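need a structure here:
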Amino acid sequence: MIRRILSFVVLVWLLGFVWFAVALSGPVEGGKSDAVVVLTGGGGRIGRGLEALQKGWAKRLLVSGVDREVRPREFAHEYKVPPALMACCVTLGFQSVDTRSNASETADWIASHKFRSVRLVTTDWHMRRAAMELSAQLPGHVELIRDAVPSQPTFRTLFLEYNKLLARSVQRLAGM
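Residues are numbered from 1 along each chain as shown. Predicted coordinates for the structure are as follows:
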């Protein structure tokens, strides 16, 4: 009996992993939101967030998880952000160090600006967990648009991220 239960659990995990790896989120072209939030940590994320801002898909940009050593001038120079755009519309968030604290920093920023819609930009393999963490902290009236940056994740990256998603889902169900 225990072998059957264990086999069933392994089969469910395996099928879930296949679904996770095959059905990654993709980019969203166009559309409007009050703000765009970029979670640092992967190539192309900041560029995608700036693209959304510059194309008018959002009015403000938060880059969450910026290293404390980075200065706004350095950021603007590195990503070729015009000074006027940087001054009016780009916020660098230095509070977060992981996905959970990204969600907290983002939720606080959204609440302080009273935004009703936000475009979340992160890498495709990270989107499910990032959106889950952020959704848990946002009021129900805030619309979340998932705008994933395509990547070529390794098996190891997918394996680790899938298990982080499962662990966090279990923690949330347990009220932790």
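
Counting residues, name the longest helix you see in the protein.
Ranked by residue count under DSSP state H, the longest helix found in the chain is helix 2-22.

can you map out the helices along the protein?
Assigned by DSSP H, the helices in the chain fall at 2-22, 45-54, 72-78, 83-89, 99-113, 127-137, 155-173.

Disregarding flanking residues, what is the spatial nearest neighbour of Ala103?
Nearest non-adjacent residue to Ala103, counting by Cβ to Cβ, 6 or more residues apart in numbering: Glu133, 3.8 Å away. Every residue, glycine included, has its C-beta placed from N, CA and C.

Could I get the contacting residues of that neighbour?
Listed by Cβ atoms under 8 Å, 6 or more residues apart in numbering, the contact set of Glu133 reads Thr99, Arg100, Asn102, Ala103, Arg168.

ok so, going back, I'd like to know which of the helices of the chain is closest to Asp34.
Closest to Asp34 of these is helix 99-113 (Cβ to Cβ; 7.5 Å).

on that earlier part again, export the longest helix of the chain as PDB, just CAs?
Below are the C-alpha coordinates for helix 2-22, written out as PDB (Å, rounded to 0.1, in the frame of the first residue of the first chain):
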ATOM      1  CA  ILE A   2       2.800   2.400   0.900                       C
ATOM      2  CA  ARG A   3       4.500   1.700  -2.500                       C
ATOM      3  CA  ARG A   4       1.300   2.600  -4.300                       C
ATOM      4  CA  ILE A   5       0.900   5.900  -2.400                       C
ATOM      5  CA  LEU A   6       4.500   6.800  -2.900                       C
ATOM      6  CA  SER A   7       4.300   5.900  -6.600                       C
ATOM      7  CA  PHE A   8       1.200   8.000  -6.900                       C
ATOM      8  CA  VAL A   9       2.900  11.000  -5.200                       C
ATOM      9  CA  VAL A  10       6.000  10.600  -7.500                       C
ATOM     10  CA  LEU A  11       3.800  10.400 -10.600                       C
ATOM     11  CA  VAL A  12       1.800  13.600  -9.600                       C
ATOM     12  CA  TRP A  13       5.100  15.400  -8.900                       C
ATOM     13  CA  LEU A  14       6.500  14.300 -12.200                       C
ATOM     14  CA  LEU A  15       3.400  15.300 -14.200                       C
ATOM     15  CA  GLY A  16       3.400  18.700 -12.400                       C
ATOM     16  CA  PHE A  17       7.000  19.200 -13.200                       C
ATOM     17  CA  VAL A  18       6.400  18.500 -16.900                       C
ATOM     18  CA  TRP A  19       3.400  20.900 -16.900                       C
ATOM     19  CA  PHE A  20       5.600  23.600 -15.100                       C
ATOM     20  CA  ALA A  21       8.500  23.200 -17.600                       C
ATOM     21  CA  VAL A  22       6.300  23.100 -20.800                       C
END
